[in-house]
Structure formats: structure tokens, C-alpha cells
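Participant: this one's structure only:
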């Protein structure tokens, strides 16, 4: 789960926050109707006045997440630390696969049946 002050990265493009953008969580709340977790970020939505947050899934008001800041379903974000760690692991696996492919080219083994 997310916490206020946590750095997170957007996983998909949104209305106010683009994929890959790093933001800070300013509030966390669950929809009172369906329970879907939502976060508010430090990105201003740019609309005039304060707006009330609405659940992405069931359109219920989420009164904890109103104001001038963009909000979204928590599922569209990942903690920055986890994202970087996963990315590093993926890069390492790709490099290892490339190394194995190079070994096959330079050291072809005859297969016997």
C-alpha cells in the first residue's frame, strides 16, 4: 500500500500524469462504496477551483481526495524503489541472455541424438 510522502511512478498515461512520471503521494484513500484504493499526488490538475475526487471504478465521491491535486487509482502507480528494482532485474536478464546467445555463436555444440 502507498503512504503520504512516498515517491511513485505512473505505469500508464493518465489525464494529468504521464507514463513514467515520478510524483509524490499527498493523500491515500479507499472508495467508500467499492473499496478501490486511490492516491492524490503533488501534481496540480490545472482546472479552476477545487474538485472532488471520483472513484475510477464506481463513480462514488472520495471526499478525502479533493482539492487542486490530481488523483488516480493506486493500481496505476508503482513505488519508485520497486519499479527501479524490477527494471534493473529485467536489464540484467536481457544481458545474461545476450551473453548466452554469444556463447552459442562462438562455441556451437554438436547435438547428438
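Facilitator: Perfect, I can see it now. Just so it is clear, the structure is predicted and the values come from calculations on it, not from any experiment.
Participant: What segments of this protein are helices?
Facilitator: 80-106 (DSSP state H).
Participant: lowest-pLDDT helix or strand in it?
Facilitator: strand 61-67 (a mean of 60; mean pLDDT, DSSP states H and E).
Participant: tell me which residues of stretch 15-33 are tucked away?
Facilitator: 16, 17, 23, 25, 26, 27, 28, 29, 31 (16 or more other CB atoms under 10 Å). All C-beta atoms are positioned from the backbone trio N, CA, C, and that covers glycine.
Participant: Distance to residue 53 added to the residues you listed, as CSV?
Facilitator: Below are the buried residues of stretch 15-33 laid out as CSV (distance: CB to CB, whole Å):
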residue, distance to residue 53
16, 12
17, 14
23, 15
25, 14
26, 12
27, 9
28, 12
29, 8
31, 9
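Participant: These: which two are farthest apart?
Facilitator: The most widely separated members of the buried residues of stretch 15-33 are 23 and 31, with 20.2 Å between them, by CB to CB.
Participant: For residue 19, report the pLDDT, please.
Facilitator: pLDDT for residue 19: 90.
Participant: ugh, wrong one, I meant residue 50
Facilitator: Model confidence at residue 50 (pLDDT) stands at 60.
Participant: Ok, residue 8 next?
Facilitator: Reported pLDDT for residue 8: 91.
Participant: tell me the contacts of residue 76?
Facilitator: 10, 11, 12, 14 (CB atoms under 8 Å, 6 or more residues apart in numbering).
Participant: hmm, who's touching stretch 7-14?
Facilitator: Residues contacting stretch 7-14 (CB under 8 Å, 6+ apart): 2, 17-25, 39, 41, 70, 72, 76-80, 83.
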